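Q: Coordinates for the following, if possible.
(one chain, ligands or ions: 1)
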Amino acid sequence: MKVLRVSVRDTYPLRHQMLRPHGTLADCVFKGDDDELTFHLGAFIDGKLVSVASFYFENKDIFEAAHPYQYRLRGMATLPEFQGQGLSSALLKTAFPLIKQNQCTLLWCNARVSAEGFYQKVGFKGQGDVFPIPTIGDHRLMSIEIR
Ligand SMILES: CC(C)(COP(=O)(O)OP(=O)(O)OC[C@H]1O[C@@H](n2cnc3c(N)ncnc32)[C@H](O)[C@@H]1OP(=O)(O)O)[C@@H](O)C(=O)NCCC(=O)NCCS
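A: Numbers count the residues shown, from 1 in each chain. Modelled structure (predicted):
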């Protein structure tokens, strides 16, 4: 398995299949995808891109007092046949030092409730109530400190 930086375009097929199966390709384009400090990571097995995650220099206001500079995680997905093999965890492990290098001390995300167990396993903590995101489902704000 190899973790590499990928272009945002490379993430679209996985985002489409795993996160926006009923959406159009336009639904797979996220705000900030092309921003200078955004980066996208991919895990490859036998040359095939099987897991992706994207990281945005974006603050969540409620964390700002303790963490003036933060990153946001979006678009985390692993193809079903490759899940449970540590690929998303490997992407996060690669991302943490890059986030730290940008002087950021927190990574947060709006986690799907169905994926909360994953985020907890890798050290994220939940915050506040579950809230719906239309057409996608229930989410919870989660975050992890990066020191
Ligand atoms: C959630 C997801 C990204 C995890 O990817 P993955 O590559 O399978 O994750 P890992 O193999 O690194 O998992 C790390 C640990 O979390 C566990 N885990 C993974 N998904 C889980 C889930 N949904 N609930 C509970 N635990 C989970 C794994 O079993 C593993 O446990 P272990 O360390 O005891 O072996 C993947 O299941 C997925 O693509 N789901 C569909 C899309 C999605 O919901 N994305 C998140 C949007 S917020």
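
Q: Closest residue of the chain to the ligand?
A: Minimum separation of the chain from the ligand (CB to the nearest ligand atom) falls at Gly117, amounting to 2.3 Å. No exception for glycine: its C-beta is placed from N, CA and C like everyone else's.

Q: Am I right that that residue falls within a strand?
A: No: under DSSP: H, G, I helix; E, B strand; the rest coil, Gly117 falls outside any strand and is assigned helix.

Q: ok, how many other residues are close to it?
A: Counted with other CB atoms under 10 Å, the burial measure for Gly117 works out to 9 neighbours.

Q: residues contacting it?
A: Contact criterion CB atoms under 8 Å, 6 or more residues apart in numbering gives no residues in contact with Gly117.

Q: So Arg5 sits against Ala43, correct?
A: No: here Arg5 lies out of contact with Ala43, judged by CB atoms under 8 Å, at a distance of 11.5 Å.

Q: higher neighbour count, these two?
A: Under the neighbour definition other CB under 10 Å, Arg5 and Ala43 were set side by side, and Ala43 has more, 26 against 11.

Q: OK, contacts around the more buried one?
A: The contact partners of Ala43, taken as CB under 8 Å, 6+ apart, are 1-3, 49-52, 78, 82, 87-88, 90-91.
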